[in-house]
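**Student:** quick one: sequence and predicted model below, then my questions.
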Amino acid sequence: MTKRTQLALATALVAALALGASGCSDPKKGSTGAGASNPAAANDGKVLGGAPVKGGTLTVLSNQDFAHLDPARNWVMPTMDFGTRLLYRTLVTFKAEPGKAGSELVPDLATDLGTPSNGGKTWTFTLKEGVKYEDGSPIKAQDIKYNVERSFAPDLTGGPDYAAQYLAGGEGYKGPLQGQHLDSVKTPDDRTIVFELKRAVAEFSATATLPTFAPVPPSQEKGTQYDARPFSSGPYKIESYDRDKKLVLVRNEHWDPKTDTVRKAYPDKFVVVMGLKGGQIDDRIIAGEGADTSAVQYADMRPESAPKVLPKPDVKARLLAESQGCTEMLQLNNSRAPFNDPKVREALQYAVDKEAIVTAGGGPALNEVATAYLPPALSGGKQADTLKIAPAGDPAKAKELLKAAGKETLKVSLAVSTGDKGKAEAIQQGLSRAGIEVVIDTVDPGAYYDVIGDLSTTPDMTLTGWCPDYPSGSTWIPFVFDGRTIKDKGNQGNYSQFRDEATIKRIDEINAMADAKQANQAWIDLDAEIMKKSPAIPILLERKPLLVGPNIAGAYGHPVWTGTIDYGTVGLKDPSKSQG
């Protein structure tokens, strides 16, 4: 039996249990039969395990190391959650609540959500009194300015691009490591920071939630080595970090909960155990014995584990599977043959078998077919379907388009994270129906985004998702499809290397719109126009399935961080049962 066959068999039960939930506008309701429901959605919006008790050790089981913990480089949703809830604070953050309430902005290091002036082109924030680092020294506005400047440094790749896109005078700036500073970020005193923007940005308060807007004191600068030991402004500090093996966090005794309305910091210690196999993690937390009774998983539950969980009420009660609010895409490298030809890219839209990828990803209980780039949360609750291609694809149409392009046979490379090999095989199988040979390369999850973000090592195709940093199309389309964001190293978002002047012009026009409702519709309309040019293939809308141990309390999937457990409020029912 091939692994592909095993995956299909493993997810057959999931598909049956889901009762056709795929494709519903409301994922909690099945599309067939009155009262049908998605078993994976049973805990949507719930807090599992009741209220935590202070103390004990919470273990995080992971198949990977963090790509980057340096706040200037941290732009992967689960890692942003981990970093900003435990290690460092930002000017603004999101409320610590499940469901829609979790999308509400609240002040963090700042006293409020910022004050705009100059028609929204100037934003001023004032820091709270008494906020300190792990050594007891005060957090200063100059330290936040310094980290914002660090986000421009060519060696500190991978982080959010908002500062570069929004700040005035940033063109050609290379960061503070050689002593140069940005005039558009001003610190008139230790508690005041002022940002001068190129254009009005009504949503700048939401931008200030990103790790870019966390403090880094210049005295702690270690360049690329800062990843291994960020200096804490949050409730925990790093005790030890053995890369790819274990990270241990202990309390930062200088964190003052009186200055922090969001983080509860229940456990005494967090221990992240890395390098485990996904199925091994699932089995350990399902069993929930020893230290694993007080464990959560960092990466998603494996698709083949779903039949061990969904039919068993006691285990299903410990499953979080919030909608990620993201779109997973097959990115086509538009910079070279064969995908520099729009006809070939269009053929791929028809060649892909999305139904098979849904099965490989855990079945319709955990995934549904994507028909557009923008996720439903940014398009009125339902995705558009511009091309109206059947979920299983249309190989005959794909062959016809390839023939017209003079490419009746193709051989292309596909890179995926190790855990996505099943999806890669489903893509490979679907494209083979149209005469396209796919060579799969699996990459360690911790290195995946560095590999595909380096233009010298980017393959023909990559499988990636994109999630809004906050609920606005401005956090989605400009990062994924604006050709000006492409970097030689640390390329983020525009993995298809799509350079299209009409798209760039329209992005600038929408960004200049003062009416948020008008801009929202304009992003949806632009999504449809880009779909016709096929720089990438939207594949899946996913849930984030995460298991927690029997001794875990206060666990929920946060809506902003793609359903990742909110590390700021999770803890233990009985700390005496924890180990470590």
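**Tutor:** Nice, I can see it. Numbering: from 1, shown residues only.

**Student:** strands of the stretch 151-300 of the chain, start to end?
**Tutor:** Taking DSSP state E, counting those that start in this stretch as the test, the strands found in the stretch 151-300 of the chain are 185-189, 192-196, 236-242, 246-251, 269-273, 295-297.

**Student:** residue 262: neighbour count?
**Tutor:** 20 (other Cβ atoms under 10 Å). All C-beta atoms are positioned from the backbone trio N, CA, C, and that covers glycine.

**Student:** surely it touches residue 567?
**Tutor:** No: at 11.1 Å, residue 262 does not count as touching residue 567 under the criterion of Cβ atoms under 8 Å.

**Student:** could I get the strands of the stretch 151-300 of the chain as JSON lines with distance to residue 459 and mean pLDDT?
**Tutor:** Shown next, in JSON lines, are the strands of the stretch 151-300 of the chain (distance: least, Cβ to Cβ, whole Å; pLDDT from 0 to 100):
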{"stretch": "strand 185-189", "distance to residue 459": "37", "mean pLDDT": "98"}
{"stretch": "strand 192-196", "distance to residue 459": "38", "mean pLDDT": "98"}
{"stretch": "strand 236-242", "distance to residue 459": "31", "mean pLDDT": "98"}
{"stretch": "strand 246-251", "distance to residue 459": "30", "mean pLDDT": "98"}
{"stretch": "strand 269-273", "distance to residue 459": "30", "mean pLDDT": "98"}
{"stretch": "strand 295-297", "distance to residue 459": "29", "mean pLDDT": "98"}
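
**Student:** between those strands, which one is closest to residue 500.
**Tutor:** Nearest to residue 500, of all the strands of the stretch 151-300 of the chain, is strand 192-196, at 29.8 Å by Cβ to Cβ.

**Student:** give me the common contacts of residue 262 and residue 567.
**Tutor:** Taking Cβ atoms under 8 Å, 6 or more residues apart in numbering as the criterion, residue 262 and residue 567 both touch residue 85.

**Student:** wait, doesn't residue 120 sit right on residue 202?
**Tutor:** Yes: Residue 120 is in contact with residue 202 according to Cβ under 8 Å; the separation is 5.7 Å.

**Student:** need the winner for burial among the strands of the stretch 151-300 of the chain.
**Tutor:** Highest mean neighbour count of the strands of the stretch 151-300 of the chain: strand 295-297, a mean of 26 (counted as mean count of other Cβ atoms under 10 Å).

**Student:** off-centre distance for it?
**Tutor:** Going by Cα atoms, centre = their mean, to the nearest Å, the spacing between the C-alpha centre of strand 295-297 and its chain's C-alpha centre is 18 Å.

**Student:** just the element for residue 355, please.
**Tutor:** If you go by DSSP states H and E, residue 355 is part of helix 354-360.

**Student:** tell me the spacing between residue 484 and residue 498.
**Tutor:** 11 Å (Cβ to Cβ, to the nearest Å).

**Student:** okay, those two: which has more neighbours?
**Tutor:** Between residue 484 and residue 498, residue 498 has the larger neighbour count (other Cβ under 10 Å), namely 26 against 13.

**Student:** about what we covered before: in TSV, list the strands of the stretch 151-300 of the chain along with distance to residue 129.
**Tutor:** Formatted as TSV, the strands of the stretch 151-300 of the chain follow (distance: least, Cβ to Cβ, whole Å):
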stretch	distance to residue 129
strand 185-189	12
strand 192-196	12
strand 236-242	22
strand 246-251	22
strand 269-273	28
strand 295-297	34
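
**Student:** minimum distance to residue 140: which of those has it?
**Tutor:** Proximity to residue 140 (Cβ to Cβ) singles out strand 185-189 among these, at 7.6 Å.

**Student:** show the pLDDT at the closest residue to residue 191 other than its chain neighbours.
**Tutor:** Take residue 191 and drop its neighbours on the chain: the residue closest to it by Cβ to Cβ, 6 or more residues apart in numbering is residue 127, 4.4 Å away. We note a pLDDT of 98 for residue 127 in this prediction.
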